[in-house]
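> build the 3D model from these lines:
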Amino acid sequence: MKEAVSPGRRLFSEMRRRRIFRTAALYIVGTWLVMQVADVVFPAIDIPERAIRYVLVAALLGFPAALVFSWFYDVGVHGIRRTGPVGPEEQGTAQSLRRSDYLILTALAGVVVAILYNAVGNVVETPSQVQESTRDGPPMLAVLPFVSASLGGDSEFFATGVHDDLLTQLAHLQSIRVISRTSVLEYKDTVRNIREIGKALGADAILEGGVQSAGNRIRINAQLIDARTDEHLWAETYDRELSPANIFEVQSDIAHAITAAMKATLTVGDTEQLTILPTENMAAYRAYRRAMDIAADPAAGFNTFAYRDALEEAVALDPTFIRAMAELVGRQSYATFWEEDAEAAQRAEQLLEQIKALAPRSAEYLLAQAYYSFYVLKNWEQAYQFIVQAQKMRPNDAHLLNLKNWIQRRQGDLDGRMETLLLARELDPRNPGWTRSVVGTLITMHRYEEARKEIEHSEFETYILSILHSMLLVQEHGDFSRWVQGVIDAQKEFGRADDFESLWEAHIANRDYVAAEELTNAMPEKRTGSQDYEGSLSDKQWNQIPTYWLMHQDEKLKVVIGEARARLEKSRNADGDFQHRLTYGAMALLTAVEGNTEETEILIRRWRRGAVNDKTEVAAVHHETCRMLGMAHATTSAIECIRTGLVEPSAVIPFIEPFLPYYDSMRDEPEFVELLAEIDAAAKSP
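Reported below is the predicted structural model:
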């Protein structure tokens, strides 16, 4: 007698016979493979990643249809055949698994394991993802460079202008934070993967757009995308008559749309700023844009005549263009910083009065006053008050943060400067200059371990960071020859054989004076950088003098001292004083190598008194004054100088400075031996 078969078992057996489970397994494995391919291929061919979801939805909808098809039809080597009813001989017989069934089951198991592995990985990563999306403060926006609909011409000009001006407008908003121009420029004309860009910039949303101009018409399109999900939050196209008023109106509309899409709330101040029209004069706008392009070019820059002339043209064409006026105040004020320039100072004062009459409560007026107070008056406290007020009105402006950073540096507020640098780096994350400044500040504050970690954990590999790293490694190995090799390697890697100073310093520390002399012969005949003023020594003279002194090359030393003294004496005023206080330091170098101890100490005191309110200068030259005192055989003063430099912010580095050859004449003195013991004990203490 046959055993009765339950309906459930009969259905299960029938599903096996019709290969329903086999079809389901194949479908799942196939869908998983298609999803993996799509995840890799779609971003590479610029298909939005959200399209992967559509593939998944289509697969889920097709799954029931595949099972139904499998019930009625059998697909095999024989083709497609309709599945017939079960025969009498098959009833009650078990269906054995085939080799292909085992392979399918193995593949299905592999897919399940992969899915579980990814799920576990996602669970582990969830805290950091949540932290990124729920971090404190307003949401972060990145505005990618706008693309031009045609190569060159006005479309390219307006694409750059619209992008820069939109960033300027967004910089005023309190309700969102905006990544600076410098950090987004690298994504111009690149294949964009929104999620990768968002992760690199730390952005919650990304705005991209394009500009096309033809005749007297301009078309601007923009779209806002969620950087985490790749979802489109908003998109719009604006077709307007070409005029500055219409361009700025479109930018204002975009800013409003962005804040709405990002669920941010505009403050009253935000709304006021978005209604300001900088200029209605197209020619003035073009001249201003040309000035901004010059300022952004490292080969030209802020202090060039071309930059000044372009801004003067913009102001002449539109005497109410306060944005151009404020930048012109900055340029004219800067021209007075190292040397007196009465004409430039007077022009800055005229512009300040114009801005005050037009917009006394504007961020531009505050910025212009900060420029003037800092560069012309050298009143750091007043400049700081102005820049803080301006920053409240333009919290997303990395340009303001840069000026604030320089002001705090002059004030000697290095803790405050560090906060400013870290905020600027958050707004401008792809600019290695901020990391360089952070590292330099940490070194000045004698926080060497932190400085080294900053370099080692930085994603940037730059020449300056490599040079600083090779110097900081001396703390670990204490071998100056390895410092020399580190500098040489960096110069080869980055093609910077023109940096004589860094290698010269290392050669002097390593007591390789012949190599140091070879470098001095290749140095320029003038002072490089911003400190080229009447009464300054050339780079060549500044380094030849101690090199010849260390080499005991008395004849060469006598010649270069004579040339240097003649150069410095020309800068005395009618009262017999030097016009620039740094000249006292240059003269102290001459008297030091001549062995005039008393005169060297007097000149250094005068130098320091003049710089008492300029903490930057005090910190920057402190180690140089110690070395001059060492060469002048002023033992007590030199040791006290080193001790002070180790406590106060300075470039006196404990694992380098006392081991330099400038102090060899006092190395056996009890005071100096005691100093070395103190440094050694401090290095060993936890």
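> quick check: pLDDT value at Glu454.
Note on Glu454: pLDDT of 97.
> kindly report the same for Phe146.
At Phe146, pLDDT is 91.
> chain neighbours aside, what residue packs nearest to Pro278?
Of all residues beyond its chain neighbours, the one nearest Pro278 is Arg323 (4.8 Å), with distances taken as C-beta to C-beta, 6 or more residues apart in numbering. The way it works is simple: take the backbone N, C-alpha and C, and place the C-beta from them, glycine included.
> in this structure, where is pLDDT below threshold?
1-20, 32, 37-54, 67-68, 70-136, 150-153, 192, 527-534, 686 (pLDDT under 70).
> quick check: domain ranges of it?
As recorded under automatic domain parsing, the domains making up the chain are 7-129, 140-264, 278-394, 523-684.
> redo these as JSON lines? Include distance to His457 and mean neighbour count.
Below are the domains of the chain laid out as JSON lines (distance: least, C-beta to C-beta, whole Å; neighbours: other C-beta atoms under 10 Å):
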{"stretch": "domain 7-129", "distance to His457": "16", "mean neighbour count": "13"}
{"stretch": "domain 140-264", "distance to His457": "16", "mean neighbour count": "19"}
{"stretch": "domain 278-394", "distance to His457": "26", "mean neighbour count": "19"}
{"stretch": "domain 523-684", "distance to His457": "21", "mean neighbour count": "18"}
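> re the thing from before, and the residue nearest to Pro278, that's in a helix?
Yes - checked against DSSP: H, G, I helix; E, B strand; the rest coil, Arg323 lies within a helix.
> quick one: residues contacting it.
Contact partners of Arg323, counting by C-beta atoms under 8 Å, 6 or more residues apart in numbering, are Thr168, Pro278, Thr279, Tyr288, Glu364.
> what is the nearest of these to Met418?
Thr168 (26.5 Å; C-beta to C-beta).
> which secondary structure element is home to that closest one?
Taking DSSP states H and E as the criterion, Thr168 maps to helix 153-170.
> do Leu367 as well
Short version, using DSSP H and E: Leu367 is in helix 363-371.
> what helices and strands are in contact with that helix?
Identification of packing neighbours for helix 363-371 by 3 or more C-beta pairs under 8 Å, 6 or more residues apart in numbering; DSSP states H and E yields helix 322-334, helix 342-358, helix 380-393, helix 398-411.
> do you know which of these lies nearest Glu601?
helix 398-411 (25.9 Å).
> next one: that closest one to chain centre, how far?
A distance of 15 Å separates the centroid of the chain from that of helix 398-411, by C-alpha atoms, centre = their mean, to the nearest Å.
> that helix packs against which elements?
Applying 3+ C-beta pairs under 8 Å, 6+ apart, we find helix 398-411 packed against helix 363-371, helix 380-393, helix 414-427, helix 615-631.
> could those helices go into a markdown table alongside distance to Ala586?
Formatted as a markdown table, the helices and strands packed on helix 398-411 follow (distance: least, C-beta to C-beta, whole Å):
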| stretch | distance to Ala586 |
| --- | --- |
| helix 363-371 | 29 |
| helix 380-393 | 24 |
| helix 414-427 | 27 |
| helix 615-631 | 10 |
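> so for Glu476, which of the ones you listed sits nearest?
helix 615-631 (20.8 Å).
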